[in-house]
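Asker: pasting a predicted model and its sequence here:
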Amino acid sequence: MRGPRLQDVAERAGVSMKTVSNVVRNYAHVSPQMRERVQRAIDELGYKPNVMARRLATGRTGLIALAFADVGIPYFAELARVASRAAQSYGYRVLLEETDATLDGERALMASSEAGLVDGMLFQPSAMSSSEIAQHRSDIPIVLLGETPAPLTIDRVMIDNVAAAREITRHMIEPGRRRIAFVGHEARALSETSRQRILGYQEALQDAGITPDPGLLVATDSVSAADAVDAVRRALDDGLDADGIVCRDDLAALGTLRALQERGIRVPLDVAVTGWDDTRLSAVTFPSLTTVSPDLPALVGRALELLIERIEGYDGVGRHEIVPHRIVTRESAPAAST
């Protein structure tokens, strides 16, 4: 006995088959009332979409690529987890691609994106310029993630890194800290991520009447906790005098905590420390880590919506959108007493 078909759901709900298809594919532009009406019919009939038949009919693979620098970086690991779960609601699976944050790696990714393996790609570039991305001609839609400048022709979703850096630095200033260092930016080529976060850090200091001190910028050789340990050790040996440390990311904060604890410097009594990304590790460090928390579900959800619209045929100019963030206050940098 055959199971219920899409046509049966349409008849039960009193709508067109196209409307049912839009609900099944979680298409954004369906009213809540219509979505509820169709979903009720789906539940009553026990309808299950024939994914293979849909792929054969549309010529789509049912795969979306998620490309970024390194899955070993906790933020990207969590991004992949959120994206994998969110893509399932659209009937897609996620294929991970690593670029090692190199120009060659990103160019190779863009060159191979036309191979027909995936229907679209979410890509967080680290090295490619906006102009080079704009010149790329791909057979698949691409939505960019993150801070790297994006072409006007391509969609991009990010948080406001400059604003978030201002907020986390103000959080350090409000209890009265005045010697606030920044740890974790690249020692050689400064990434756009680091540039924006240092800019917000500097603006917050200037707003508070504090002259930014280049001697309080502590660079690392790479984005890793181990390199942050080494960098902060060297800075302390060179006489680093800080009562607060804003870290570029949670990995830099982990290394910073280790280096301070080795020297018997108490956190937060002697020096407050903040991170960035609110990875799972940040809640279980000792002390637990105050950090910038990007709204990953919102970031990934909006990026997927834009990508699905591109896959469905939208061909307009790029949409550049900002999603929320918040400061999560924990033990390493308590809020000012009121």
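Answerer: Noted; the coordinates are in hand.

Asker: all the helices of the chain, residue numbers only.
Answerer: Under the criterion DSSP state H, the chain contains helices at 6-13, 17-24, 32-45, 51-58, 74-88, 103-112, 130-135, 161-173, 192-207, 225-237, 250-262, 296-311.

Asker: between those helices, which one is closest to residue 151.
Answerer: helix 130-135 (3.5 Å; C-beta to C-beta). Yep, even glycine has a C-beta here, placed from its N, CA and C like the rest.

Asker: using CSV, list the CA coordinates for the closest one.
Answerer: What follows is helix 130-135, C-alpha atoms only, in CSV (Å, rounded to 0.1, in the frame of the first residue of the first chain):
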residue,chain,number,x,y,z
SER,A,130,36.9,41.1,-2.1
SER,A,131,37.9,41.9,-5.7
GLU,A,132,39.2,38.4,-6.3
ILE,A,133,36.1,36.8,-4.9
ALA,A,134,34.0,39.1,-7.1
GLN,A,135,35.9,38.0,-10.2
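
Asker: run through who's touching that helix.
Answerer: 107, 110, 125, 144, 148, 149, 150, 151, 152, 153, 154 (C-beta atoms under 8 Å, 6 or more residues apart in numbering).

Asker: number of residues surrounding residue 210?
Answerer: As a burial measure, residue 210 scores 16 neighbours (other C-beta atoms under 10 Å).

Asker: where in the stretch 51-200 of the chain is pLDDT low?
Answerer: Within the stretch 51-200 of the chain, the stretches with pLDDT under 70 are 51-59, 113-116, 137-138.

Asker: re earlier: report the buried members of the contacts of helix 130-135.
Answerer: 110, 125, 144, 148, 150, 151, 154 (16 or more other C-beta atoms under 10 Å).

Asker: just send the residues you listed back as CSV, with distance to residue 198 too.
Answerer: Converted to CSV, those look like this (distance: C-beta to C-beta, whole Å):
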residue, distance to residue 198
110, 28
125, 19
144, 22
148, 16
150, 20
151, 24
154, 26
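
Asker: closest to residue 269 among those residues?
Answerer: residue 148 (38.2 Å).

Asker: can you give me the distance of the closest residue to residue 163 other than its chain neighbours to residue 171?
Answerer: Excluding its sequence neighbours, the residue lying closest to residue 163 (C-beta to C-beta, 6 or more residues apart in numbering) is residue 200, at 6.5 Å. Distance from residue 200 to residue 171, counting by C-beta to C-beta, to the nearest Å: 12 Å.

Asker: wait, doesn't residue 172 sit right on residue 271?
Answerer: No - taking contacts as C-beta atoms under 8 Å, residue 172 lies outside contact range of residue 271: 10.1 Å.

Asker: who touches both of those two?
Answerer: Common neighbours of residue 172 and residue 271 (C-beta under 8 Å, 6+ apart) are residue 244.

Asker: those two: which is more packed in?
Answerer: residue 172 (28 against 23).

Asker: what residues are bridge-paired with the closest residue in space to that one that isn't next to it in sequence?
Answerer: Spatial nearest neighbour of residue 172, excluding adjacent residues (C-beta to C-beta, 6+ apart): residue 244 at 4.1 Å. Residue 244 has these beta-bridge partners by DSSP bridges: residue 180, residue 272.

Asker: good, we can wrap up now.
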